[in-house]
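Undergrad: Compute the structure for the input listed below.
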Amino acid sequence: MSQRSKNSPSGVLLPPAPSQPLFKQSIIGASLIGASALSGCVVDEEPTVEAGVMSSEVEAGAQAGGLSAGVFNPPMVPPREDMELIGPMPPPPEDMALAPWEDMAVAGFELPPMPPPLEDMGLAEDMALFDDMEPPVDMAIEDFELFGQNTTTAPVYPVTVVNGAVRDRLDIPYKHGCLGGHATRAAAIGRAIRLVMRNIAGQVPNVTSQTTFGSPGRVGGVVFGEWEERSPWAPLAERRGVAGDAVTVFGAMGTMNILDTTSQGGLEFVEMIGKSLGYPGANGFSPAMPFAEMLVAVNPIWAEIIHRDIPSLEDVQELLWRHSSLDADYLTPQHRGQLDAQGRVIDDRVYLATQPKDIYVLVAGGTGGLHATGFHSFGSCLTQTVAVLPGPELD
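TA: Predicted coordinates:
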């Protein structure tokens, strides 16, 4: 039976205590996106509501105060006397505009006091590691077109690919199930990115964003690593000029699963992947988009076979580029006419990516094989890669 907490604002319903007495929710994203979120714990021996029901009043207040993006994971818990704050956020860049803490309170939702000084929490030495950090700006680079991604009718969202030893240090998945289903820090980093894009960059559907349908990627983001140890090719970031720990952001329209249970050779696999990528409604074929890229994740089994039969990655990209093209007459006459006028019909074919080099291939996923994943480009944002800056050591 649900109860009302004497410590909750307006007597609203509170989520239940976790099954364990101590619950710690960590968001570790500082070294990847230049800002990290809170680590906190809640100790509550008396559950106050059943089945994880979240009060709409509390959640509405959290959203209005810039503390939530409408997802109850991690749950927004109203402040109570038995709450203990055990970790602060590193200070944001000086030029980042943030509302004063007191101004973020809304009717029916009281905010806890500001955290005590770091010295009082025994964290000053740890947090000093952030002093010399400057946030990477790969998403803020003009060519990544973050403004367009925030306001477009498309479902585009940034996909973040992680390279280097930082993958294991931050527990970024790159093997089985790397695109979803793992309870790792990647999920928290993805949520932190989405929180920033919504509550700082202001991406709100039907307000600043005109996205027609949106995308699941706009809820939790997509953060995964490249399985470099199983790749026959140099890491993606290294190929893009940044060796070692690095992140690459790609403006994706979603994920496309590509199944092939028939092919045996590398040429067959590449043909199947390429032909699967090319469909008329992809942004890369739109007259409204001046250019486009593609990101393709290949499982390690296929990668080994492809490399055996096609040793040069440039040749793999060339084949994918050709196989993903379409006969121009397959398009509607009006569609073909607009592409003709732009000079984009070459020998009666239209191409998904601007050039072969614009199809990025990496290795990730499990050893069960049978699948590849395609990420179609938004079409007006250019992929960006930057080095991961040093951050604190993580346990």
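Undergrad: What's the first helix or strand after the lengthiest helix in the chain?
TA: Ordering each helix of the chain by length in residues (DSSP state H) puts helix 185-199 first. Where DSSP states H and E defines the elements, the next helix or strand beyond helix 185-199 is helix 217-220.
Undergrad: for the record, mean pLDDT for the helix or strand just after that next one?
TA: Per DSSP H and E, helix 217-220 leads on to strand 222-225 as the next helix or strand towards the C-terminus. Averaging pLDDT along strand 222-225 gives 96.
Undergrad: Parallel or antiparallel, which strands does strand 222-225 pair with?
TA: Strand 222-225 pairs in its sheet with strand 157-163 (parallel), by DSSP bridges.
Undergrad: what's in contact with the partner strand?
TA: Strand 157-163 is contacted by residues 32, 139, 144, 149, 170, 172, 174, 189-190, 193-194, 197, 215, 217-218, 221-226, 228, 235-238, 242, 244-252, 295, 362, 375, 388 when judged by Cβ atoms under 8 Å, 6 or more residues apart in numbering. Bear in mind the C-beta positions are built from the backbone N, C-alpha and C, glycine included.
Undergrad: how far off helix 185-199 does it point, in degrees?
TA: Between strand 157-163 and helix 185-199, the angle comes out at 140 degrees (axes from the mean of the first three to the mean of the last three Cα atoms, to 10 degrees).
Undergrad: Just the CA trace of strand 157-163, in PDB.
TA: Extracted C-alpha coordinates of strand 157-163, given in PDB (Å, rounded to 0.1, in the frame of the first residue of the first chain):
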ATOM      1  CA  TYR A 157      21.100  12.300 -32.100                       C
ATOM      2  CA  PRO A 158      24.900  12.100 -31.400                       C
ATOM      3  CA  VAL A 159      26.400   8.600 -31.400                       C
ATOM      4  CA  THR A 160      29.600   8.500 -29.300                       C
ATOM      5  CA  VAL A 161      32.300   6.000 -30.200                       C
ATOM      6  CA  VAL A 162      35.200   5.500 -27.700                       C
ATOM      7  CA  ASN A 163      38.700   4.400 -28.500                       C
END
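Undergrad: buried sites along the following helix or strand past that strand?
TA: Heading C-terminal from strand 157-163, the first helix or strand you meet, by DSSP H and E, is helix 166-169. Within helix 166-169, the residues that count as buried by 16 or more other Cβ atoms under 10 Å are 166-167, 169.
Undergrad: which of these lies closest to residue 348?
TA: Taking Cβ to Cβ as the measure, residue 348 sits nearest to residue 167 out of these, at 43.6 Å.
Undergrad: Spell out the secondary structure type for residue 302.
TA: Of the three states, residue 302 takes helix under DSSP: H, G, I helix; E, B strand; the rest coil.
Undergrad: Per-residue pLDDT of it, please?
TA: Looking at residue 302, its pLDDT stands at 98.
Undergrad: Check residue 285 too.
TA: pLDDT for residue 285: 95.
Undergrad: I'd like to know how far it sits from residue 320.
TA: 15 Å (Cβ to Cβ, to the nearest Å).
Undergrad: about what we covered before: report all helices and strands that the longest helix of the chain contacts.
TA: Applying 3 or more Cβ pairs under 8 Å, 6 or more residues apart in numbering; DSSP states H and E, one finds that helix 185-199 contacts helix 30-33, strand 157-163, helix 217-220, strand 222-225.
Undergrad: Tell me which of those approaches residue 349 most closely.
TA: Taking Cβ to Cβ, strand 157-163 is the member of these nearest to residue 349, at 27.5 Å.
Undergrad: next one: phi and psi at the closest residue in space to residue 155 that isn't next to it in sequence?
TA: In space, and not counting its chain neighbours, residue 155 is closest to residue 215: 3.6 Å by Cβ to Cβ, 6 or more residues apart in numbering. Phi and psi for residue 215, reported as degrees, to the nearest 10, are phi -160, psi 150.
Undergrad: thinking again about what came up before, of the contacts of strand 157-163, buried ones?
TA: Among these, the ones that count as buried (16+ other Cβ under 10 Å) are 32, 139, 144, 149, 170, 172, 174, 189-190, 193-194, 197, 215, 217-218, 221-226, 228, 235-238, 242, 245-252, 295, 362, 375, 388.
Undergrad: returning to what we had before: what sits against the residue nearest to residue 155?
TA: Contacts for residue 215 (Cβ under 8 Å, 6+ apart) come out as 155-157, 253-254.
Undergrad: Try it again at 10 Å.
TA: The neighbours of residue 215, taking Cβ atoms under 10 Å, 6 or more residues apart in numbering as the test, are 154-157, 222, 252-255.
Undergrad: same question, residue 155
TA: Applying Cβ under 10 Å, 6+ apart to residue 155 gives the contacts 209, 211-218, 252-254, 378.
Undergrad: Which parts of the stretch 251-395 of the chain are helices?
TA: Taking DSSP state H, counting those that start in this stretch to define them, one finds helices in the stretch 251-395 of the chain at 266-277, 300-309, 313-323, 333-341.
Undergrad: Return the set of buried residues in the longest one.
TA: Spelled out, that is helix 266-277. Using 16+ other Cβ under 10 Å as the test for burial, helix 266-277 gives 266, 269-274, 276-277.
Undergrad: again with the shortest one
TA: Within helix 333-341, the residues scored as buried using 16+ other Cβ under 10 Å are 335-336, 339.
Undergrad: Tell me the one of the residues you listed nearest residue 300?
TA: Ranked by distance to residue 300 (Cβ to Cβ), those are led by residue 339 at 36.7 Å.
Undergrad: Low-confidence ranges, the stretch 51-200 of the chain, go.
TA: Along the stretch 51-200 of the chain, segments meeting pLDDT under 70 span 51-140.
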